[in-house]
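Engineer: predicted model and sequence follow; I will ask about them next.
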Amino acid sequence: MNYQAGQYKRFFIKTLGCKVNQYESQAIREDLVRNGFNECVAEDTADIYIVNTCTVTGKADKESRHWIGLFHGLNPGARIVVTGCYTEKNAHELAAMPGISHIVRNSDKNRMGEILGSGGDRLRPAAPLAISDFKGHSKAFVKIQDGCENSCSYCKVPSVRGPLTSRPLNEILEEARRLVENGFKEIVLTGICLGAWGKDLASNAIAEEMGIAAMGLTDLLKELDRSPRDFRIRLSSIEPRYITGELIEFMSKNKRICRHLHIPFQSGDDEVLRRMNRPYTAGYQRDLAARIRHDMPDIAITTDILTGFPGETDGEFRNTLDFLRDILPARTHIFTFSRREGTPAYNMAPQVAPHIVRQRYCALKVFALTSAYLYRERFLGKRLDILVESKRDKESGLLTGYSDNYIRVLFDGPEALMRKITPVRVEYVNMMRSTGIYEPG
């Protein structure tokens with residue numbers, strides 16, 4: 001079928017999973033618009049549904065299948081295009097689902113306009129994904145690398161994202177420039193293994209042409225900081241091993257870099273970390289958090305914790321709770337273990353009973369709320385610079401946004417402040433939210 005013949009020109013994108021997927025969906029969106037397609041505001045009017053999937057957990061797989069089935073039921077005559085990480089190992093499952101016209105691997109996401117425009121899968125030289133906007137967001141994500149060099153025993157991501165691939169420095173700088181010129185006041189650097197950016201550049205032709213001997217994440221930050229434009233830079237999730245003394249020192253002395261590090265510690269027990277094949281001890285993680293806070297006392301350290309890992313005992317779980325009490329994260333994202341076929345942890349035993357996993361999850365949630373409150377309470381009466389989002393809070397109708405140290409604040413003010421960095425004094429903090437007063441000048 002020739003999609004350019006006038007049919008199947010209206011598309012709708014559903015994105016699941018991480019910031020990298022969100023970035024890639026934006027790149028797909030811009031590619032399709034350049035190729036003459038039109039994006040639908042209402043999903044029920046689409047001719048083409050693009051589901052950008054995630055496969056990090058079994059729940060993510062189920063959610064991907066749910067959206068595919070929902071779109072097929074909503075509009076049986078439409079084409080459904082499935083892309084993202086779920087396609088890498090589960091294409092055979094997707095091929096059996098009704099309504100799917102194309103299964104597009106991650107490596108071919110940059111060909112979406114050509115694939116849908118021709119109605120075929122003929123390969124062409126890959127053009128790099130690139131964006132100039134970030135629909136529906138007050139901040140823009142910039143993907144700086146792909147692939148992962150870690151081998152966590154529970155994780156499927158390295159097998160679906162492939163080896164480390166760093167994006168060339170000039171592409172990153174140019175994309176950040178475009179986004180800032182288009183009004184974005186915060187650039188979020190993201191990747192599958194963010195801190196490993198640059199490790200592969202020293203040996204490739206692009207790096208040699210640029211005269212780069214060896215670059216790392218701190219070098220990239222220094223280059224972005226040379227810009228005369230007014231914007232701030234945030235790092236997305238970064239593994240402990242990549243948080244070097246050089247990075248800590250640069251962040252502590254630079255006002256453009258947000259005082260926020262999301263560090264996926266995963267556990268606070270040495271034996272669980274060993275079974276996870278994580279190259280850290282709980283002591284190393286405690287020391288790292290202490291070193292960071294020594295140089296940046298107000299920094300927000302947020303984290304991921306995985307509970308219910310095979311063999312996790314009550315004592316090992318208590319060690320994780322004790323670890324969290326020591327470091328008091330500003331936010332804690334809690335995950336329960338999900339068996340991922342093909343990973344070393346898939347057949348590990350014994351499995352933790354589901355009711356025990358639920359109990360531990362609830363205990364962690366209670367802790368996370370308390371820890372977040374204690375962090376936010378420290379800023380009561382203080383002024384924070386808030387990047388105001390482009391939509392008001394649904395419940396209160398107030399403006400809302402995030403400080404550079406990742407505190408969400410609600411406050412009253414005019415819509416002219418949206419997408420701007422605005423001074424707000426925190427006046428009230430409870431277990432669920434912080435509210436403040438706009439302080440111009």
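Structural biologist: Sure, I can see it.

Engineer: can you name the element that comes right after the least confident helix or strand in the chain by mean pLDDT?
Structural biologist: Within the chain, no helix or strand scores below helix 205-210, which has a mean of 54 by mean pLDDT, DSSP states H and E. Sequence order places helix 217-225 as the next helix or strand after helix 205-210, per DSSP states H and E.

Engineer: for that next one, the distance to its chain's centre please.
Structural biologist: 20 Å (Cα atoms, centre = their mean, to the nearest Å).

Engineer: how about that helix: buried residues?
Structural biologist: Neighbour-count burial for helix 217-225, counted by 16 or more other Cβ atoms under 10 Å, picks out 217-221, 224. Quick note: C-beta positions are derived from backbone N, CA and C, even for glycine.

Engineer: of those residues, closest to residue 156?
Structural biologist: Nearest to residue 156 out of the buried residues of helix 217-225 is residue 217 (Cβ to Cβ; 24.6 Å).

Engineer: low-confidence ranges, the stretch 51-200 of the chain, go.
Structural biologist: For the stretch 51-200 of the chain, residues meeting the criterion pLDDT under 70 lie at 118-127.

Engineer: so where do the helices sit in it?
Structural biologist: 58-74, 86-95, 112-118, 157-161, 169-181 (DSSP state H, counting those that start in this stretch).

Engineer: mind putting those helices into a markdown table with distance to residue 103 and mean neighbour count?
Structural biologist: Converted to a markdown table, the helices of the stretch 51-200 of the chain look like this (distance: least, Cβ to Cβ, whole Å; neighbours: other Cβ atoms under 10 Å):
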| stretch | distance to residue 103 | mean neighbour count |
| --- | --- | --- |
| helix 58-74 | 11 | 17 |
| helix 86-95 | 5 | 17 |
| helix 112-118 | 10 | 20 |
| helix 157-161 | 13 | 20 |
| helix 169-181 | 28 | 17 |
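
Engineer: out of those helices, the one nearest residue 11 is which?
Structural biologist: Per Cβ to Cβ, nearest to residue 11 of the helices of the stretch 51-200 of the chain: helix 112-118, 7.9 Å.

Engineer: off-centre distance for that closest one?
Structural biologist: So, by Cα atoms, centre = their mean, the centroid of helix 112-118 is 27 Å from its chain's centroid.

Engineer: rewinding a little: save the helices of the stretch 51-200 of the chain as a markdown table, and put in distance to residue 236 too.
Structural biologist: A markdown table is the format used below for the helices of the stretch 51-200 of the chain (distance: least, Cβ to Cβ, whole Å):
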| stretch | distance to residue 236 |
| --- | --- |
| helix 58-74 | 18 |
| helix 86-95 | 21 |
| helix 112-118 | 24 |
| helix 157-161 | 14 |
| helix 169-181 | 14 |
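
Engineer: between the ones you listed, which one is nearest to residue 20?
Structural biologist: Nearest to residue 20, of all the helices of the stretch 51-200 of the chain, is helix 157-161, at 8.3 Å by Cβ to Cβ.

Engineer: what is that closest one packed up against?
Structural biologist: With contacts taken as 3 or more Cβ pairs under 8 Å, 6 or more residues apart in numbering; DSSP states H and E, helix 157-161 sits against helix 86-95.

Engineer: all helices for the stretch 251-400 of the chain, in order.
Structural biologist: Using DSSP H, counting those that start in this stretch, the helices found in the stretch 251-400 of the chain span residues 270-275, 282-295, 314-327, 354-377.

Engineer: quick one: buried residues of the third one?
Structural biologist: This points to helix 314-327. 316-317, 319-321, 323-324, 327.

Engineer: got the contact list for it?
Structural biologist: Residues from elsewhere that reach helix 314-327 (Cβ atoms under 8 Å, 6 or more residues apart in numbering): 265, 267-272, 282, 285-286, 289, 301, 303, 305, 307, 332, 360, 363-364, 367, 371.

Engineer: quick one: it to chain centroid distance?
Structural biologist: 26 Å.

Engineer: mean confidence (pLDDT) on it, please.
Structural biologist: Summarised as a single mean, pLDDT over helix 314-327 is 98.

Engineer: could you measure residue 395 against residue 428, distance?
Structural biologist: Remark: distance between residue 395 and residue 428 (Cβ to Cβ, to the nearest Å) = 15 Å.

Engineer: the two: which is more packed in?
Structural biologist: The residue with more neighbours, out of residue 395 and residue 428, is residue 428; 12 against 9, by other Cβ atoms under 10 Å.

Engineer: which one of the helices of the stretch 251-400 of the chain is the most hemmed in?
Structural biologist: Among the helices of the stretch 251-400 of the chain, the stretch with the highest mean neighbour count (mean count of other Cβ atoms under 10 Å) is helix 270-275, at a mean of 19.

Engineer: so which elements touch that one?
Structural biologist: Looks like helix 270-275 contacts helix 282-295, helix 314-327 (3+ Cβ pairs under 8 Å, 6+ apart).

Engineer: nearest to residue 131, out of those?
Structural biologist: Per Cβ to Cβ, nearest to residue 131 of the helices and strands packed on helix 270-275: helix 282-295, 30.6 Å.

Engineer: count of residues packed around residue 100?
Structural biologist: 18.

Engineer: contacting residues around it?
Structural biologist: Counting by Cβ under 8 Å, 6+ apart, residue 100 has contacts 68, 80-82, 94.

Engineer: repeat that with 10 Å
Structural biologist: Residues near residue 100 by Cβ atoms under 10 Å, 6 or more residues apart in numbering: 49, 51, 68, 71-72, 79-82, 94.

Engineer: which one of these sits closest to residue 409?
Structural biologist: For those, the minimum distance to residue 409 (Cβ to Cβ) is 34.0 Å, reached by residue 51.

Engineer: test of understanding: give the bridge partners of the closest one.
Structural biologist: Taking DSSP bridges as the rule, residue 51 bridges to residue 14, residue 82.

Engineer: surely it is in contact with residue 15?
Structural biologist: Yes. Between residue 51 and residue 15 there is a contact under Cβ atoms under 10 Å: 8.4 Å.

Engineer: the two: who's more crowded?
Structural biologist: A count of neighbours by other Cβ under 10 Å puts residue 51 above the other of residue 51 and residue 15, at 27 against 20.
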